[in-house]
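> Sequence and predicted model, in that order:
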Amino acid sequence: TRCDTLMVDGFDSDGQPGGLCSQRFYDDACDMLQPGGMLVVNLHSGHRDHARHLERIRRSFAGAMLVVDDGGLGNSIVFACKGPALERFRPGVVRPPKGLSKDAAKPLLAAFALVSSAWKEQFG
């Protein structure tokens with residue numbers, strides 16, 4: 001069974017386990033996705049192998065990826081797409097869901113702003 005989205009956020013006391021950041025894992029993740037599906041991975045941006053992990057994802061997804069730094073908290077969120085969906089995406093106005101408090105909406109809107117900014121830098 002293929003899926004639309006895979007989300008990976010696996011860390012232990014030593015960082016991300018090798019099985020969750022190997023070339024084989026990223027290749028298998030891509031194979032498990034529907035066309036247009038997306039892998040979302042949380043990586044520690046200060047890890048000594050961060051660049052290697054990004055290169056593995058890039059290789060598995062033929063370069064169709066977007067890296068979003070979390071604004072100084074030490075993580076990067078990687079969106080890797082099976083196909084050209086990232087290139088066709090166009091950021092627009094983001095409004096919080098109705099009924100969401102302003103306190104809850106503030107960090108959500110800030111996160112969307114980071115994604116939009118990263119996309120514009122890479123594709124815009």
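Received the coordinates, thanks.
> mind listing what's buried in stretch 106-124?
115-116, 118-119 (16 or more other Cβ atoms under 10 Å). (Each C-beta comes from the backbone N, C-alpha and C, glycine too.)
> which two from the residues you listed end up farthest apart in space?
Maximum pairwise distance in the buried residues of stretch 106-124, criterion Cβ to Cβ, is 7.4 Å, between 116 and 118.
> which strand is the longest one in the protein?
In the chain, with assignment by DSSP state E, the single longest strand is strand 33-44.
> Tell me how many other residues surround residue 81.
23 (other Cβ atoms under 10 Å).
> what's the answer for the one 5 residues further on, then?
The number of residues packed around residue 86, counting by other Cβ under 10 Å, is 18.
> In this model residue 79 seems to touch it, though I could be wrong.
Yes. At 6.7 Å, residue 86 counts as touching residue 79 under the criterion of Cβ atoms under 8 Å.
> Common neighbours of the two, please.
65-66 (Cβ atoms under 8 Å, 6 or more residues apart in numbering).
> tell me which element the residue lying closest to residue 65 once chain neighbours are set aside is part of?
Once flanking residues are discounted, residue 65 sits nearest to residue 80: 4.2 Å by Cβ to Cβ, 6 or more residues apart in numbering. Element membership for residue 80 (DSSP states H and E) is strand 75-81.
> name the helices or strands packed onto that strand?
Contacts defined by 3 or more Cβ pairs under 8 Å, 6 or more residues apart in numbering; DSSP states H and E place strand 75-81 against strand 33-44, helix 50-60, strand 65-69.
> try 10 Å
Applying 3 or more Cβ pairs under 10 Å, 6 or more residues apart in numbering; DSSP states H and E, one finds that strand 75-81 contacts strand 3-8, helix 23-32, strand 33-44, helix 50-60, strand 65-69, helix 85-88, helix 102-123.
> Tabulate the buried residues of stretch 106-124 (a markdown table), appending pLDDT and distance to residue 59.
Conversion of the buried residues of stretch 106-124 to a markdown table gives the following (pLDDT from 0 to 100; distance: Cβ to Cβ, whole Å):
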| residue | pLDDT | distance to residue 59 |
| --- | --- | --- |
| 115 | 88 | 23 |
| 116 | 87 | 26 |
| 118 | 89 | 20 |
| 119 | 86 | 21 |
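> If anything else comes up later, I'll come back, but that's it for now.
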